[in-house]
Each structure stands twice: as structure tokens, then as C-alpha cells.
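Trainee: Below is the structure, and that's it, no one-letter string:
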């Protein structure tokens, strides 16, 4: 537990770069691109010591920074990471680089503003994962909406205004209820430190309300059925980079919130209401997977598949109570949470890569309609290989990262109940269904039309981006141990936190 | 009260300076030739600067002094509010100059009226007697009526002024009647004495008296159901006057509630907090919902002002110092943000073009990225999104409400602010997502640009590091 400024650097370096880009103006787009890339790469480089310096095997927060921020509100500038937040933080820094590269030539209007928005958002997202003070967390969490609102609205598709307003208002609505809950907790504990909130005893009736307030905020972000409807709209209208960030990082914030806030702060309400989350997760897994099957727009299909995959995350996270009730031990519970957490990282990589693939095709044909394609493999063999790989990873093919998370969740759901496992496992069937059908219609077969025949193969930049992502997906698939080791101590700690009741002794009588 | 002659009047120096400056500028404007008359705004600025210096000097003492047989009070809150009022007024004058110039409204009376209205605000800020309160209100209101009608040839300005005057006169009458009932029951006009005497609120006359006072406060703030004047006045008045009413006059309304409710009627919080709660909730509801339907930015900001009045009144309605603090902070945050937002309309207005329709902002991001970015910050701040000051203002109000276990009111408040977010976002949408069409690029006007940038930077910086201002508010409210 040594102190350092690394976390501040990875938060403020991209934000500073973004402000620099805004100041630079639109006169020099070339310079803007290179500055943006330098900023993203420098942030990624600053993450290397975070990764190497992180000590596995302890649930304590590391790289702690603590300074007075708003003494009047007892809020601190309090940063730190553990095994749950660090992987997500690394994912954020990692995925921003391909986003910058993907927008290199595609974005022609307001180039500097485009890259500035993404870099500022990167810093804010990292801030969300690194905050150990609830007010600081909320500060980053809300501020993030501003650049995303602008990204979808300015560089998005034809219905971008509708989509971005819906996105903003949905998430804003969820967040403000969480704010009320956080301030209520502050009134109880006298501190905004998340750790203090996690230790605060709360009566069950109070926990229930707080749990529901949190749930609205996080369920909208995840998104869980039935508050998922903003996501397909936002994805379809957003520019490629926006879709990647949405799918890869923003959705994970909902899952992260459940793990960091809902479960440890309101464990008894979580235990009481776990059926709600499990039911919503299973609906997301089954029903949304069916919805994905019938989509004609590629981005929408991947968007719905994201909702289904995030259902796995919430399922894995909330299985712990059932496992405890069914087996009396906590042995399998950690596997579920490990799976949830692993699934978040893996889905971040895979869905990001799939949106990049769709972006590659969209740049050539300017349509996302599945019917407009066919036989792409004949003209773009290298691209087809990548696309097939990511689609298979998305359906959970062993050897890819997609398999590990789903396998862990299903494994632990067996400990809870055979039927849960059966229901959850059907996603593998449906998942394989919509992914393979997409590949069949778009990639394989005879060349669909003249326009497809004129598509040119990946250029070096695109190849590099997809290649790096493909390597990461395969690497995590065959060798998940480093990631699992990083998470393990924190997940174990969380499981024990979750099963310990917080109802004050007086209230039990 | 026995006091020495010098200290008996010196703390009132800011008011005396204002009164003197108003007279001097009026005379100067009458006797100076046309070329020299252009100096009137500069002289006004000099008077304001002198006022700032005098007030800061007295702010040093930091303890409460009661002067003029209890009619006047000088305390840290008064000094703080006066300094803010000076700074606000200076910014208003600065933003308004070009606008007035373009429209040929260069009469010195305008600045004199600005100064007398400010004097009215100051009298309110330092009032310690019901009569002083009334004096301040009338001084402020009468100056404002004239200012609204300042553009003589404008039909809607005249209509707005008449509406404002008639409704304002009724509100003044109501206030006076309420005060007379309080006087009849307590036998004193002195706010200190009133606070001691009026403690038990079972009396029917007292309830009516307090209700009348609350009605007058609701009218000044433009809270529902006393809000009818707000949209017409905001839209009809010249934009510079709208700016004045939205900012300087709001500080006056805050001072009015502070002195009357939290000081004079401090013994009866249960009575007026309930009334305020109802008014505030209605204001949030009506203001936010009707603002959605507006196409004129000034009118939209009027409904936004109604909704924001609801937030401030909720601070008062929590009935403890935490709530008053939050109300003060909210008022300052609102004034700072509104200065920028209406200042932006003044910046973009040209000769013959008011630039007050929301559609006028279409494509501003393409025509002028800097101004669009500033307006974006101001709009998100008003919507209550971090990292801007408006977020902390709302947060503190919620915290005050939860401190008094008003969980449902707090929940209603945040839901109302989600509705509110929509119409602020629409401005951003028009600026960023809509094509510019054939709308011209804004004029350079470097100095105005600079001050507007500083204004918006203040909104951001106080949002990133809110502690200093929060502490100040805590200090002066006690």
C-alpha cells in the first residue's frame, strides 16, 4: 500500500490532452490526430506500472491517493484500485487506442473535437473505476454523459438526436436516484468514503430502498431488461468509436456499480431481492437473444447480443445467495463472480472488436443492413477471418475469452440449481445461432452484389487494430490465469462481505 | 442603543455611496455634452468598484452591528451579499453596453435606474425592520418597472411593464397587509423584537399575516402560483433588463426571504416551511414542464427561473441553517450561470436582431466553437450535471432536505431536474447537432468574449473545486 500519483496521471493525462485538442481548434486536423494518438498511447503506457506494480493476493486497495477535496462536504479526492476495478481500468485505457485509430480518416468533420471528446471521456471513465469516494465517483459518472451526448449527437447517424437525448435522459434519470441514495448514506455515515458506506449497518427497510435506487442507476447502464431500450438506438446511431466505448466500457459501469455498491452496501436487500435480478438476467439472456436473432441491422444485432451477455454478468454476480442456500458453503460462489467479472472484460474486447468490424464494412458500403452484404470473404479474406473469429468468440467458443466467463457462470449456476444452469446454457445455443447466422449471411456465400465486389481489403491500420484485439481475445481464452489471479482476492473478499448481514442487532429483535 | 456617532453611520457607507453615485450620474448625464455622455457606463463602473472597496473594508470587521435605531443591520451575510451584488451588477453593465448602444438606448437614466434598483437590493440585504424591508422592495420594484419599459417604442416591453407593475403593486399591498397584521399582533416592526415575540403560531391572525408575507416572497421569486409575470417580463423586457432581473433582483429576493423568514419569523418555522414546501414543489413542476414547450430562449429561461426559485425555496423550506446555506449557495450558482446564459444572448444579438429564439442558436458550434462550448458548459451547469457549479448547488439542497428526512421531496426534486435537463439539452442540441444554415458567424467582440469565457470558467472551476465557496456560505450563514 504505497502511495503514488499513477492513478491521477491516467485520469488527468487524457483529459488534459482533450482540453489541449479543444484549444488547438479545427485548423490542423492532422496534428489533432497525432496528438490524440499520443495521448491515448501515453495513458496506456502509464497503465503498465499499474499492472506490473499491482500485488495479487490481497483485497486491499492499492495505489491509494488521498487528499482533501471538499472538506465542507466531507468528500475526498480518494483514489485506489483493487482486483475488481483494475481490470476494467486497464480495459478502458486499452480500448481507447483502437477507437482513436478507427476514427483516423473516417471522421472528417470537427476532427479535434471528436478526439477531444473521446479522450476526455477516457479520463472520466477511468475516474469512475478508480474513485473510492462516492461523491468523486458520482462526479465522474455523471460528467461522462456530456462527451457521450456530444459524440452521438454530432457524429452519429440520421436519428442521432433522438438516440442521444434518449441515452442522456435514461441514464440521467437512473443516476439522480442513486445520488439521493448516496447522500442518504452520507447522512447516516458522515462520510462519502465507499468503504465507510460498506461498513455502515442499515435496517432492512432502508436497505431495500437504497438497493432499488442503486438498481435503477445500474440497471439502466448495464442495461437490464426492461430498461435496455436506449442501447440499440444509441448503438445504431453512434459513430463506430462511440459504439465501441459504449459496449466495451460504459455498460461495464453498471456491472461494476452492482459489485462495488449494491452488493456490499445493501447485502441483506440483495439477498432478499436477488430473485428480481436473477429473473431479469434470465429474461435478458433468453428473450434478448431471441430478439437479436431477428435483427436486420448488424449494429442492432450486436447491441442486443451485448444486453444478453451483460445478463450473464448480473446473473453471475447475484448467484451467491442461491449457492449459499443450496450448498451451505461459499465454495462455488466466487466462481460466479469471477465469471461475471471475467465476462465483463472479455465482452469489452469482443463487442468492441465486433463494432470495429462493422465499422470497417460500413466505411466501405455505408450501410449496416445485413441484406446489403454477402460473400465478403471473397473480396476481403483477412477481414473475414477476423470477423469470424470475433463472432465465434462472441458465441463462447472454447479457446477464446468469451468461453471462460460463460463457463464459470454456468459452472457456478449448477451449484445453485440445475434449472438455472440449463436456462443460462441455452444462451450458448442462441448465441451461436445469431452469431453464426450473421456470419453466414454477411461473410460467406457468393458475392452479394457489385458494391460488395468492389470492397477493398483491410488497410494496415485496420489490420493492426483488429489483429491486436484478436490476439488479446485468444490470449485471455487460453491463458486466463493472470486476470483471474488479479481478481481473486478481491472477489473472495466481496463474497464474504456480501453474506455478512448488515442489519443492526436492535432491528433483529 | 448607544453608539458613537462615527460607527453609527459608517457601515452604511455602501448604500450612501450608491445613492450619491446615482444622483451624481443623473446630474452628469443632464449637464454633460453628447461626447462626454458616453462616459456614463464607465462612471457607473467606477462607482461600483468604489463600492466593492468600501464594502470589503467593512467586511473585515466580521461581527453584527445594528444601526439607525435598529432599522439597519450590518453583518457578514450583508457584506457578502453586497459584494456579490456589486460584482453581478458590474458584469450586467458590462454585458449590456453594446446591446444598449445598438438599440439607441444610451440614456443615462438607464444606469441611474440600475443603481437605484441596486440600492433597493442593498436596503433589503441590510433590513432589520419591516419598514426597511418595504422600503427596499419598493425601491427595487419601482426602478425595475421603469427599466422594463425603457425601450419606449416596443409594444411588448410596455405590456410587460404594465403587467409587472400591476401584479407587483398587488404583491406589495399583500406584503404591507401581512406586515400590518404582524405589527398588530406583536406590537413591533423591529425584526429582532419580532423574532423574540412571535413564537407560538396558533393564532389565526398570525397565520394569515405569515401567509401574506410568504405570498409576497413567492411573488418576488416568481414561484408558482405567483409566477404569472415572469415569462412576459423576461421575454418582453430588453435583454439587458432581463439579465438584471434574473440576477441582481434574484439576490434581492434571497435577502428578502433571509431577513423576513429566517430572522424575523424565526420563531415560527413550522408555519412558513410548510407553505414554502408547497410553493416550491409547484414551482418545480410547473416551471420545468412548461419550459419544455418554449421556443423563445428568454421565455424558456423565465420558466427555468421559476423552477430554480423552487430549488431555492426548498432550501428555505428545510427550515435549518443547512438549508439556508444551501439556498444561498444555490442562489449564487444560479446567478453566476444565468449571467453567462443571458450574457450569451447579449453577445450574439446584433443591430435589429435579438437572437433570443432557441432556433437562432442552430449550428453555433460550427459557426463559433468557443461560444458554443461556453454555452454548453452553462446549460449543463443549470441542468445540474457535474463538473459544473450547478451540480453542487442541487446536491447541497438535496442534502439539506435529507438532513430533515424529507426523502420524498428530495426524490421529487431530482426527478424534476431530469425533466429540466431536457430543455437545457435542447439548446446544446441546436448548437451542436443542427446545421448552421445561412446564419452568420457571430461578431468578434473580443472583450465581451473574454469576460464571458471567464464567467463560464468560473462555473467550471467552482464546480471542480467547490470547497471555498461552500465554506464562505457556511461562514456567513453561521
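Mentor: Received the coordinates, thanks. Just so you know, these numbers come straight off a predicted model, no measurement behind them.
Trainee: the longest helix in chain B is where?
Mentor: Longest helix in chain B, counting residues (DSSP state H): helix B:155-186.
Trainee: helices and strands around that helix, which ones?
Mentor: If you count contacts as 3 or more C-beta pairs under 8 Å, 6 or more residues apart in numbering or on different chains; DSSP states H and E, helix B:155-186 packs onto helix B:130-148, helix B:191-197, helix B:204-221, helix B:229-236. C-beta here means a position set from N, CA and C on the backbone, and glycine is covered the same way.
Trainee: and with 10 Å instead?
Mentor: Helices and strands touching helix B:155-186, by 3 or more C-beta pairs under 10 Å, 6 or more residues apart in numbering or on different chains; DSSP states H and E, are helix B:130-148, helix B:191-197, helix B:204-221, helix B:229-236, helix B:239-257.
Trainee: Please identify the most buried of these.
Mentor: Ranked by mean neighbour count under mean count of other C-beta atoms under 10 Å in any protein chain shown, the helices and strands packed on helix B:155-186 are led by helix B:239-257, which reaches a mean of 26.
Trainee: Compute the inter-axis angle for that helix and helix B:229-236.
Mentor: 150 degrees (axes from the mean of the first three to the mean of the last three C-alpha atoms, to 10 degrees).
Trainee: before we move on, the earlier item: now do the longest helix of chain B, average pLDDT.
Mentor: Averaged across helix B:155-186, pLDDT comes to 93.
Trainee: got the angle for it vs helix B:239-257?
Mentor: Going by the same axes, to 10 degrees, helix B:155-186 makes 10 degrees with helix B:239-257.
Trainee: What residues of helix B:155-186 count as buried?
Mentor: With burial defined by 16 or more other C-beta atoms under 10 Å in any protein chain shown, the residues of helix B:155-186 counted as buried are B:157, B:160-161, B:163-165, B:167-168, B:171-172, B:174-179, B:181-182, B:186.
Trainee: Distance from that helix to the middle of the chain?
Mentor: Distance of helix B:155-186 from the chain centroid (C-alpha atoms, centre = their mean, to the nearest Å) equals 18 Å.
Trainee: try stretch B:140-151
Mentor: 15 Å.
Trainee: Please apply the same query to stretch B:205-222.
Mentor: 19 Å.
Trainee: residues near the residue in the stretch 351-500 of chain A positioned nearest to chain B, how many?
Mentor: Residue nearest to chain B within the stretch 351-500 of chain A: residue A:366 (19.6 Å; C-beta to the nearest C-beta). Using other C-beta atoms under 10 Å in any protein chain shown, residue A:366 has 9 neighbouring residues.
Trainee: List the contacts of it.
Mentor: A:372, A:451 (C-beta atoms under 10 Å, 6 or more residues apart in numbering or on different chains).
Trainee: Give me the distance between it and residue A:455.
Mentor: 11 Å (C-beta to C-beta, to the nearest Å).
Trainee: So, low pLDDT: which residues of the chain?
Mentor: In the absence of a named chain, this looks at chain A. Under the criterion pLDDT under 70, the flagged ranges of chain A are A:1-3, A:505-509.
Trainee: oops, I was thinking of chain B
Mentor: For chain B (pLDDT under 70), the answer is B:1-7, B:200-202.
Trainee: all strands for it, in order.
Mentor: With DSSP state E as the criterion, chain B has strands at B:65-67, B:72-74.
Trainee: From the contact counts, what lies against the last one?
Mentor: Strand B:72-74 makes packing contacts with helix B:5-9, helix B:13-31, helix B:40-59, strand B:65-67, helix B:108-125 when contacts are defined by 3+ C-beta pairs under 10 Å, 6+ apart.
Trainee: Just want the residue of the stretch 251-400 of chain B that's nearest chain A.
Mentor: Residue of the stretch 251-400 of chain B nearest chain A, by C-beta to the nearest C-beta: residue B:386 (4.6 Å).
Trainee: That residue: how many residues sit nearby?
Mentor: Quick note: residue B:386 (other C-beta under 10 Å) scores 26 neighbours.
Trainee: In contact with whichever residue of the stretch 51-200 of chain B sits closest to chain A, which residues?
Mentor: Closest residue of the stretch 51-200 of chain B to chain A, C-beta to the nearest C-beta: residue B:80 (15.6 Å). Counting by C-beta under 10 Å, 6+ apart, residue B:80 touches B:55, B:59, B:125, B:328, B:332, B:472, B:473, B:475, B:476, B:477.
Trainee: neighbours around the residue in the stretch 1-150 of chain A positioned nearest to chain B, how many?
Mentor: Relative to chain B, the nearest point of the stretch 1-150 of chain A is residue A:72 (3.8 Å; C-beta to the nearest C-beta). Using other C-beta under 10 Å, residue A:72 has 19 other residues around it.
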